[in-house]
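*Asks:* Quick one, structure for this:
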Amino acid sequence: MLTALHSIAERKIEQAMAEGTVPDLSHWKNKPLPEDSMQNVPADLRLAFRMLKNAGYIPEELALRKEIVQTEELLAAATEEKDKYNQLKKLNFLKFKLQCRQGRSLQIDDESPYFSKVVDRV
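*Replies:* As a prediction, the model looks like this:
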């Protein structure tokens, strides 16, 4: 079975080379492959992570960080006070959600905008 697949693959490669549709890869000759971007991921999880990455999935933390950056850009570009307020409210919520997702507790000190609200409720 492997030899049949091997011969089919060889035939397809030769056909592509004859047609000139194979890209020039001579710059890779005698050079090492690029470093693996998943070298810090345990070996038993690399395959699963690579499949998720190739499928277009990104972790929730990364999606939240992207959304925070987009919200900050919208906040900087906002001209009306109502829009600024809404974007700032959304930004605070996203940052809080990211902190909770990372396992950090919400730090509320006397300089926090939520401090007076929490004190009033207690």
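*Asks:* Now tell me what touches stretch 45-54 from outside.
*Replies:* Met38, Val41 (C-beta atoms under 8 Å, 6 or more residues apart in numbering). Just so you know, the C-beta spots here come from the backbone N, C-alpha and C atoms, and that holds for glycine as well.
*Asks:* how distant is that stretch from the center of its chain?
*Replies:* 13 Å (C-alpha atoms, centre = their mean, to the nearest Å).
*Asks:* Asn40: neighbour count?
*Replies:* A count of nearby residues for Asn40, using other C-beta atoms under 10 Å, gives 6.
*Asks:* does it belong to a helix or a strand, and which?
*Replies:* Taking DSSP states H and E as the definition, one finds Asn40 inside no helix or strand.
*Asks:* Show the backbone phi and psi for it.
*Replies:* Backbone dihedrals for Asn40, given as degrees, to the nearest 10, come out at phi -90, psi -10.
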